[in-house]
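**Q** Need coordinates for the below:
(2 chains)
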Number of protein chains: 2
Amino acid sequence: MLGLMQDWPLRCHRIIDHAATFHGSREIVTRSVEGAIHRTTYSQARRNAMRTAQALEAHGIKPGDRVGTLAWNTWRHLEVWYGIVGCGAVYHTVNPRLFPDQIIYIVNHAEDRVMFADLTFLPLLEKIANKLTTIERFVILTDGEHMPETSLKNAVAYEGWIAEFTGDYAWKEVDEKAAAGMCYTSGTTGNPKGVVYTHRSNVLHSMAAVQMDMMGISSRDVVMPVVPMFHANGWSLAFSTPMVGAKCVMPGARMDGPAIHELLESEGVTFTAAVPTVWLMLLQHLEETGAKLSTLKKVVIGGSACPRSMTRKFQDNYGVEVIHAWGMTEMSPLGSLCTLKPAYAGLTGDVLLDIQEKQGHPPFTVEMKITDDAGNPQPWDDKTYGRLKVRGPAVTSSYFKGEGGEILDADGYFDTSDVATMDAEGYMRITDRSKDVIKSGGEWISSIDLENIAVGHPDVAEAAVIGIAHPKWDERPLLVIVAKEGKDVSGDAIIDFMRGKVAKWWLPDAVAFVDEIPHTATGKIQKTTLRDQFRDYAFPQD
Amino acid sequence: MLGLMQDWPLRCHRIIDHAATFHGSREIVTRSVEGAIHRTTYSQARRNAMRTAQALEAHGIKPGDRVGTLAWNTWRHLEVWYGIVGCGAVYHTVNPRLFPDQIIYIVNHAEDRVMFADLTFLPLLEKIANKLTTIERFVILTDGEHMPETSLKNAVAYEGWIAEFTGDYAWKEVDEKAAAGMCYTSGTTGNPKGVVYTHRSNVLHSMAAVQMDMMGISSRDVVMPVVPMFHANGWSLAFSTPMVGAKCVMPGARMDGPAIHELLESEGVTFTAAVPTVWLMLLQHLEETGAKLSTLKKVVIGGSACPRSMTRKFQDNYGVEVIHAWGMTEMSPLGSLCTLKPAYAGLTGDVLLDIQEKQGHPPFTVEMKITDDAGNPQPWDDKTYGRLKVRGPAVTSSYFKGEGGEILDADGYFDTSDVATMDAEGYMRITDRSKDVIKSGGEWISSIDLENIAVGHPDVAEAAVIGIAHPKWDERPLLVIVAKEGKDVSGDAIIDFMRGKVAKWWLPDAVAFVDEIPHTATGKIQKTTLRDQFRDYAFPQD
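**A** Down below sits the predicted model:
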């Protein structure tokens, strides 16, 4: 027996409708790429989103077509975002930090027909345009006055392009499971793979994200999404902020400490979110200038693990609550946030920081489990490691064009490739990547934990741990060390230093010294290359 | 082009799964119908919900079958609620305050096969059981020890009935648009009509309800749903509370001032919700005893308009924030809540109370418009009245078995039968019922506003305003008055008293004195009967 509720598909553009109707005069403030501070409202942004939809349709864009953006967080990017989904097309946010070859690959793979791009990226596009075989039109996110000469064919200035249209438009009534957006993951191996969000997944994900135990934002907040819209679906902030009618402050191209601090203060920002690197720059600026954070209440930190010292500084020196977050492009992207349940809400000092080093607990709509390699659920005892697997309406079921094949287990869970523990309160802590964990005698050893301890030795510049095949234990850890310049430290000294800080059977079987450890473009240790280097390594015989 | 997100239907029982997994040790505390305070957890409640599902299946209940409940807010009612939806059946919460004939009508109309009932309602059921033609089994929500002798056939005690089952059960994987629950509206005319909620509507409604600008509850809250689960889908609290993992405090059968106050204090309640009548009793108790509210932060007041004096007392005397709410059984039920947007958040005193008299603004997922009789949208100027119409995924599209026929307008909006204004911030204020508003020369006059002013006259005991046909103005207001005992007040004196308090053309054309004004069972003025009484009334000729 079916129920008798209204058929009201979850469509992304309903979010900007709600914002324009019930929070229409609420501002979107941007440090524009051209330089000046720009102000608009949700009501005006919706109107321009409708103009964008009309312009895209006039160009010939049909529902399901992909439209690329190569752009910073600005009001224009937001207008374009809703204009694309509003005409049934699919936004494809391209990360400009990728290598040019990767950008060419993903734009062609996604078959983007139109590309919206900021002035910043014009030189890049001019260089690679002849290899972008599916792009028919470049729309530069600026006005006629700021539009430069360009060798790009078919390039127009956004403001003039949409000015020909009235904004009197009816959004396309697409299926809620239709594609709405795309974002490619930049895996450490192979080509990037496309994650395809639906209208439904974006709406449900945002409804979960705004809850008090997650980001906890309201119409009274002033939200600054520093995390770029091109990074992992923008952590949903392009949806969540208008959904609750919060004022939106966009940093544009400048994410340095002084620029971020100026906007935080001048616009009265109460909530912001970004990766640790951004906050390192901000904290450094604050320490250098003695400046304060007078309105900021909460900062979400994710993308990589938030250092304990950063949490401590924000909270102790500036009175800003840190929410450690974890997610993946494949999860739209939020998986868990480390807000405090009642069991932990009363903690202070180091005990609190211990909890805040965890990646937190998921909202309703995210299911989690940790399993061994055979898929057996592991205990939530804060100690046992397991492969972290997730399920939910905003978790991917496969990649675009079937790349990577089947990616769900028999119960429909997606393997995150992370290894994690869960505690009794359901707080998750990432301990390693599953391909980096060392499997010794059926037990798992975290390469990351060992590296973190090893770099604590005063003579160690950098440390990496990889598993080396072992006849009895299957794998045992090898510690690879770059010594600080001019320091002559022995392997035994480092192992001695680590003794007592981990279980005895975790201690690396040997230490190898190298001049350099290989890194990826984004600065992470490239363990695949390191493993290749040590492919023929054999532990010394006792 | 479809997106590639996981298929994860929105099912009600996923809520108790989430609560049991991530908030498993959080308590459900009940003042039991038997008298003692009872404690359980989400984890244990889920296990018993699974036992209930098994017992229902063993009885022969199939997906789509209706199962009645005639019960107070207790942990057992919550277990049963999830047990019913978990086996794919449909909970039908029966309001025990209805007349017995109405109860017989709706149970038969819904074709309930099993009825769960509290001890309180055993005498009622014994009286009407032979007329409940579809009920095969009565399950009394108690244990063997408290199970009384009864003339009911096929009656069993709940605890014994489910004890035969293991709780090792897999929830039924129903379509998210399958029926999950039913609640009948007790209209002022005709038979009650059944609203049929879906799994999807309940889940989406709760995700909207818990947002900061709506109820704003988190895992750190202690929530006491005083509003009964049988009243308008329990204002979603049976879903919203476990969804966020808040501690749940259930008042059972006792909603008097002392009982409610004791639980608020002993369990550290931070959030509660009920109709004004309940809060009148609580405030009276507090005033008589000088007691305080030491943990309560927010109270949601709805069901009927919250008097200004009640808001003032809660806020000024007890430091509890009042959230005025509006909804309907047909809306699952929340339509709008009067939380404060930034434009109003800084107000204090009478100006704040002016805003809080409004019914507030809706969350994302509720669309609102006000129209004239022809369906034309009316301005949001805080003055113009219009028929209030709503649309959304948790708004009904029709009634059970097609009663009442087509109920949506051409754009899919449901007419609430209320008349309201909207202000520029999107705050809605109910001004009248659409059938009671007086239509004079194309403009609308609020009967309720006139009544509220007239009862301010010291000699008036009760006042009602109805529209009387008028050759020139279509309708004009007639003021019907019950004078206070022993008072001899003239119609002119009352009209003089009202002068200046409303627009001149709003003033009633005449005053009629009666000994009594007819009322419904729930104490509301029965205007249909009053209009019948004055059917042949003619205004005095000038």
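
**Q** from here on, contacts and neighbour counts on C-alpha atoms
**A** Noted.

**Q** Tally up the residues packed near the residue of the stretch 401-542 of chain A found nearest chain B, please.
**A** Nearest residue of the stretch 401-542 of chain A to chain B, counting by CA to the nearest CA: A:G426, 5.2 Å away. Using other CA atoms under 10 Å in any protein chain shown, A:G426 has 21 neighbouring residues.

**Q** element containing it?
**A** Secondary structure assigned from DSSP states H and E places A:G426 in neither a helix nor a strand.

**Q** what's it in contact with, if anything?
**A** With contacts taken as CA atoms under 8 Å, 6 or more residues apart in numbering or on different chains, A:G426 has the following neighbours: A:G360, A:H361, A:W380, B:T21, B:F22, B:H23.

**Q** if we go to 6 Å?
**A** By CA atoms under 6 Å, 6 or more residues apart in numbering or on different chains, the contact set of A:G426 is A:H361, B:F22.

**Q** got the residues of the stretch 1-150 of chain A near chain B?
**A** Proximity of the stretch 1-150 of chain A to chain B, by CA under 6 Å from any CA of the partner chain, involves residues A:M1, A:L2, A:G3, A:L4, A:M5, A:Q6, A:W8, A:F22, A:G64.

**Q** Most neighbours out of those residues, which is it?
**A** Of all the residues of the stretch 1-150 of chain A next to chain B, A:M5 has the most neighbours under the rule other CA under 10 Å, reaching 29 neighbours.

**Q** surely it meets B:S398?
**A** No: because the distance of 7.4 Å does not satisfy CA atoms under 6 Å, A:M5 is recorded as not touching B:S398.

**Q** buried residues in the helix or strand A:W279 falls within?
**A** Assigned by DSSP H and E, A:W279 falls within helix A:276-289. Judged by neighbour count (16 or more other CA atoms under 10 Å in any protein chain shown), helix A:276-289 contains these buried residues: A:P276, A:V278, A:W279, A:M281, A:L282, A:L283, A:H285, A:L286.

**Q** thinking again about what came up before, okay, the residue of the stretch 401-542 of chain A closest to chain B and B:G216: tell me how far apart.
**A** Distance, A:G426 to B:G216, using CA to CA, to the nearest Å: 22 Å.

**Q** just for the stretch 401-542 of chain A, where's the confidence low?
**A** Within the stretch 401-542 of chain A, the set of residues satisfying pLDDT under 70 comprises A:521-523, A:542.

**Q** Show me which residues of it sit near chain B.
**A** So the stretch 401-542 of chain A meets chain B at A:G426 (CA under 6 Å from any CA).

**Q** The stretch 151-300 of chain A too?
**A** Applying CA under 6 Å from any CA, we find that the stretch 151-300 of chain A lies next to chain B at A:K177, A:A178, A:A179, A:V196, A:Y197, A:T198, A:Q211, A:M212, A:D213, A:S218, A:S219, A:R220.

**Q** any idea where the strands of the stretch 151-300 of chain A begin and end?
**A** Assigned strands in the stretch 151-300 of chain A, in chain order: A:155-157, A:179-185, A:193-198, A:222-225, A:247-250, A:271-274, A:298-301 (criterion: DSSP state E, counting those that start in this stretch).

**Q** residue contacts, the residue of the stretch 251-400 of chain A found nearest chain B?
**A** Per CA to the nearest CA, A:T396 is where the stretch 251-400 of chain A lies closest to chain B, at 4.3 Å. For A:T396, the contacting residues are A:E330, B:L4, B:M5, B:Q6, taking CA under 6 Å, 6+ apart as the criterion.

**Q** How about it, nearest residue that isn't a chain neighbour?
**A** Excluding its sequence neighbours, the residue lying closest to A:T396 (CA to CA, 6 or more residues apart in numbering or on different chains) is B:M5, at 4.3 Å.

**Q** Surely the one you found is in contact with A:S397?
**A** Yes: using CA under 6 Å, B:M5 and A:S397 qualify as a contacting pair, with a distance of 5.1 Å.

**Q** hang on, the earlier thing: how about residues contacting the helix holding A:W279?
**A** Among residues not part of helix A:276-289, those counted as contacts by CA under 6 Å, 6+ apart are A:G257.

**Q** Swap in 10 Å and give it another go.
**A** When contacts are taken as CA atoms under 10 Å, 6 or more residues apart in numbering or on different chains, the neighbours of helix A:276-289 outside the stretch itself are A:226-227, A:255-261, A:273, A:290-293, A:299-307, A:310, A:313-314, A:317-318.

**Q** So which bits of the helix or strand hosting A:H38 are buried?
**A** Here A:H38 sits within strand A:37-41, counting by DSSP H and E. Buried residues in strand A:37-41, counted by 16+ other CA under 10 Å: A:H38, A:T40, A:T41.

**Q** hang on, A:S304 packs against A:E357?
**A** No: look at A:S304 against A:E357 with CA atoms under 10 Å: they stay out of range, at 11.5 Å.

**Q** who touches both of these two?
**A** Between them, A:S304 and A:E357 share the contacting residues A:H324, A:A325, judged by CA under 10 Å, 6+ apart.

**Q** Between those two, which is the more surrounded one?
**A** It is A:E357, of A:S304 and A:E357, that has more neighbours when counted by other CA under 10 Å, with 20 against 14.

**Q** how near is that one to B:R11?
**A** The gap separating A:E357 from B:R11 is 33 Å, by CA to CA.
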